[in-house]
Every structure is written in C-alpha cells, then in structure tokens.
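K.L.:
No letters, just coordinates:
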C-alpha cells in the first residue's frame with residue numbers, strides 16, 4: 001500500500017503546527033507510527049528534488065497557474081511558489097527540506113517502522129535550471145534554427161534551439177527541456193542518473209513513463225530530426241531497469257502510464273503501472289465499465305496495476321463523489337489485488353486540488369464521516385486475507401432472467417490457509433442490485449458457513465451445498481460495500 005505525500009506542503013504544515021522548522025531530518029515519530037498503523041508499506045515523497053529560479057519564474061508568470069493559486073490559496077505571495085517539482089534542476093534534496101542527510105535519516109526511520117521510500121524519477125525532461133542545459137546541450141532535443149516550442153541556448157557549436165518537454169496531446173511545459181532518447185549519450189546519462197536516485201530509495205514513480213517508448217517518442221519529435229540516427233534503437237526501459245535491479249533486486253518501478261500502454265510497459269520491466277481506466281470508471285460512476293475492465297484483465301495484469309482514487313494530478317475524490325459513492329469506490333481500490341495507492345488528504349476528505357508549484361496549502365476542515373470510512377477499512381483489512389492471500393476476481397451471474405444488475409458488482413475472493421476466506425463485494429450502481437456469485441473455495445459443500453460483514457452489522461448462515469450448487473446470492477443496496485469473513489460452522 002502506497003501513500004503519496006506532497007513533501008514541501010507537508011513539511012511546511014508540520015513546521016507551522018509545531019512552531020519550529022521540520023525537515024526530513026526531524027519528522028515527528030508520530031508520523032511514522034501513524035503510517036505503520038494504517039498498513040502502508042511504501043511512502044512516496046512527491047517533490048523532494050531541487051527546482052531552480054528559471055523554472056520558478058515560469059511558475060510565477062503563467063496566467064492559468066496564477067488563477068489556480070488564487071482559487072486555492074487566496075492571498076498567496078511569491079514566497080509560496082516554489083516551482084514545479086517536475087521541472088527538476090538537480091536530483092539533490094535542497095537544504096530547506098533537510099538535504100541529502102535529511103533524506104537518509106528519513107529513510108532510516110521508515111525502515112525502523114517496516115516502511116519503504118519511493119521517490120520521483122522524471123525521465124522525459126529536466127528543468128530549465130539543470131546543469132546539463134549549459135554543459136551538455138547535445139543531450140536534448142534541439143534544432144540549429146528557431147522553432148516553435150523551443151528556447152535559444154548558447155552551445156560550443158553556436159546557438160541552438162532546445163525544445164521544451166511535452167506530452168504530444170498538450171502544450172509544452174515551458175519550465176522544462178526535453179531529453180532526446182534517440183541519442184546514445186542521453187540514454188547512458190539518464191541510466192546513470194536513475195541509478196543515483198535508486199541508491200537513495202526503495203522505488204521510483206516514473207513520471208509519464210510511456211513518453212519514452214520508441215514509437216511514441218519518434219512521433220512526438222519527428223519535426224526535430226537528427227543526423228545519423230540508428231535505424232533500430234533499443235527501448236530505454238529494459239536496460240535501465242535491469243541496471244538498477246542488478247544492484248537492488250527488490251527495487252520497485254511504478255509507471256505513470258496512459259493510452260492503453262500499461263501492459264507494454266510491464267513487459268519492459270515495470271512492476272506496476274497506473275490503472276487510469278479503473279479511476280475513470282469510478283469517477284464517472286460507470287459500474288458496468290468497471291466490471292468489464294477488471295474482468296478483461298488476467299490475474300497477473302490485475303496484480304500489477306496501481307489502483308487509486310486520486311493523486312496530485314487528479315481532482316480530490318471527495319469533491320466528486322458522494323459519501324456513499326466514495327465508500328464503495330474506496331473498497332474497490334483497497335479490495336483489489338495489486339498496488340493500493342492513497343493520497344495525503346484523501347483520508348480526511350480534502351477537497352482542494354493544490355497546484356504542485358505551491359509550497360504552502362490551506363488548512364481544510366476534516367470530514368469526520370470520510371475519516372471514519374478509511375479508519376474502519378484500514379484497521380480491518382490487516383486482520384483479513386485481503387492483500388495477503390490468494391485472490392480471484394469473480395464474475396457474478398444474473399440473479400434471475402431479465403435482471404441485468406449483476407453487471408454492477410466488483411467481487412474479489414481472498415483466502416490464505418485453511419478453509420476460511422474473505423469476500424469483497426461492492427455494488428457500484430446507484431440502485432439496488434442482485435447477483436449470484438460462483439465461489440471457488442475448495443470443500444465449499446463440506447460445511448455450512450457463517451458470513452459476517454466486517455464493515456457492518458450483517459451476519460448470515462449459508463448452506464455449503466447451496467453455495468456450491470447455486471452460488472452465493474447477494475442483494476446489495478445502492479453503493480453497497482461489504483467485506484465478508486466466511487468461516488465454517490460445522
């Protein structure tokens with residue numbers, strides 16, 4: 001279970017709360033204990049790296065960003081704007097956050113609590129302030145003549161126009177400079193940089209990882225041809241990931257990935273990739289689409305997805321879903337195999353999406369009902385097989401002819417040793433739904449069963465023969481979300 005923290009805002013908040021400067025070197029012990037108690041395994045410190053004045057200047061002059069700052073943090077000042085953590089000027093922790101010694105101490109304390117550290121790796125681009133812009137401009141996409149989306153830079157070969165980093169479907173990021181993966185020197189330099197990052201953490205979240213795929217990159221930058229380009233350049237990720245894993249076999253590679261390229265990236269060595277399709281289905285209230293998506297994946301693919309309801313790029317889930325919808329969606333994310341991914345503020349019902357360029361955020365009132373939902377789920381799950389045992393996503397069937405509501409369910413069976421098992425059952429529809437669930441537990445007919453909802457008051461006795469022959473009948477209310485522990489009673 002991964003927990004994403006906005007490092008700059010979080011440390012600022014801790015400092016204001018405690019009345020003294022808090023850096024990564026002296027984070028209060030209660031923070032580590034709280035994460036451990038909630039069952040997290042990995043802490044992602046989003047935004048620990050150094051930015052720089054040129055990138056920060058872009059964040060200050062961008063009109064859309066200034067409007068976002070006004071909306072989220074009225075009365076903000078320029079001191080509140082640190083620049084984008086994804087326009088990295090140097091892969092070093094700045095002194096204000098505790099520097100490299102502070103990061104080392106923070107990681108040590110995480111380890112004492114059985115937790116691992118995940119950091120950002122931004123492979124597609126660097127910030128305008130990075131030393132390579134002046135010292136090694138040949139590593140970037142560039143042109144000898146002026147072109148749109150590029151800026152001029154003095155080089156030993158004269159003025160060159162360096163491209164800003166971009167996603168092919170959106171305008172370029174004006175605070176960045178685009179690395180050129182068609183060049184061997186760039187690939188070598190970025191592999192070495194990745195290895196340096198990996199020596200200081202236990203995993204990386206790779207920003208926009210699919211942009212480096214050869215065909216994606218070639219299409220995006222075809223207007224910047226290079227002379228003498230090899231006809232068959234190997235993909236970057238397999239060699240880079242292998243280089244890291246030779247030194248750190250248990251290292252975690254998480255890819256931010258879209259456009260249906262998740263399986264392809266996993267084939268190149270990633271351990272986990274974002275499950276944006278699941279996210280889109282949950283926030284659009286498309287229960288039928290969610291079930292179709294989940295059942296379309298192999299068990300291996302499902303176990304390698306990162307399931308989430310929000311992150312720093314998405315709106316706060318509490319601002320989109322009702323309390324009942326939020327509860328159901330949360331159990332989907334927490335009840336599936338794979339990487340369960342939660343976001344700082346999500347557990348207390350934060351509603352403001354804070355621009356990543358800000359180093360300060362407003363204090364939002366906590367929503368007690370949402371806190372109760374997550375507290376109950378996160379305290380209950382460790383006592384079950386969920387996330388620990390064998391699992392199977394089950395396909396429900398219609399409860400009776402001409403009743404289509406079975407397609408609204410997400411059902412996962414979990415089992416460790418012995419006959420007992422747990423069942424995550426969620427109705428994602430806005431109305432009551434019914435189905436039969438074909439359980440696959442061995443020896444089901446040999447016992448009668450007591451089923452107790454660990455998240456509510458329901459308790460049922462069921463005949464093993466009926467469960468074996470007909471399946472488990474479920475009738476759940478709108479957005480019903482239940483976690484049944486099932487054990488034999490004879």
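P.N.:
Now that the structure is in, tell me what you want to look at. Keep in mind the model is a prediction, meaning the values are calculated, not measured.
K.L.:
At which residues are the strands of the stretch 351-490 of the chain located?
P.N.:
Ranges of strands in the stretch 351-490 of the chain, per DSSP state E, counting those that start in this stretch, are 390-394, 409-415, 421-427, 433-437, 449-453, 459-462, 472-476, 481-488.
K.L.:
actually the stretch 201-350 of the chain, not the one I wrote
P.N.:
203-206, 252-255, 272-274, 305-308, 339-343.
K.L.:
what about residue 154, neighbour count?
P.N.:
Neighbour count for residue 154, taken as other CB atoms under 10 Å: 10. All C-beta atoms are positioned from the backbone trio N, CA, C, and that covers glycine.
K.L.:
meant to ask about residue 150
P.N.:
Neighbours of residue 150 under the rule other CB under 10 Å: 21.
K.L.:
show me what contacts it?
P.N.:
When contacts are counted by CB atoms under 8 Å, 6 or more residues apart in numbering, residue 150 touches 142-143, 161-164.
K.L.:
Please convert the buried members of the residues you listed into ChimeraX selection syntax.
P.N.:
In ChimeraX, this line selects whichever of those come out buried by 16 or more other CB atoms under 10 Å:
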select :142,161,162,163,164
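K.L.:
does residue 467 really touch residue 447, like I thought?
P.N.:
No: Residue 467 is beyond contact range of residue 447, at 9.3 Å (criterion: CB atoms under 8 Å).
K.L.:
For residue 467, give its distance to residue 202.
P.N.:
Separation of residue 467 from residue 202 (CB to CB, to the nearest Å): 42 Å.
K.L.:
More neighbours: the two, which one.
P.N.:
The neighbour comparison of residue 467 against residue 202 (other CB under 10 Å) goes to residue 467, with 23 against 20.
K.L.:
residues contacting the nearest residue to the more buried one once chain neighbours are set aside?
P.N.:
Closest residue in space to residue 467, ignoring its immediate chain neighbours: residue 444 at 5.3 Å, by CB to CB, 6 or more residues apart in numbering. Going by CB under 8 Å, 6+ apart, residue 444 touches 464, 467-468.
K.L.:
Name the member of those with the shortest distance to residue 315.
P.N.:
Set against residue 315, the nearest of those by CB to CB is residue 467 (41.1 Å).
K.L.:
quick revisit: and the contacts of residue 150, which two are the farthest apart?
P.N.:
Checked with CB to CB, these reach their widest spread between 143 and 164, with 12.4 Å between them.
K.L.:
Can you tell me what sits against stretch 77-90?
P.N.:
The contact list for stretch 77-90 (CB under 8 Å, 6+ apart) reads 8, 46-52, 55-56, 58-60, 69, 73, 120, 122, 125-131, 173, 175-176, 207, 356-360.
K.L.:
Let's see which of these end up in strands.
P.N.:
Those of these mapping onto strands are 46, 120, 125-127, 176, per DSSP state E.
K.L.:
now the residues you listed as CSV including pLDDT and neighbour count?
P.N.:
Shown next, in CSV, are the ones in strands among the contacts of stretch 77-90 (pLDDT from 0 to 100; neighbours: other CB atoms under 10 Å):
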residue, pLDDT, neighbour count
46, 98, 22
120, 98, 22
125, 98, 26
126, 98, 27
127, 98, 28
176, 98, 25
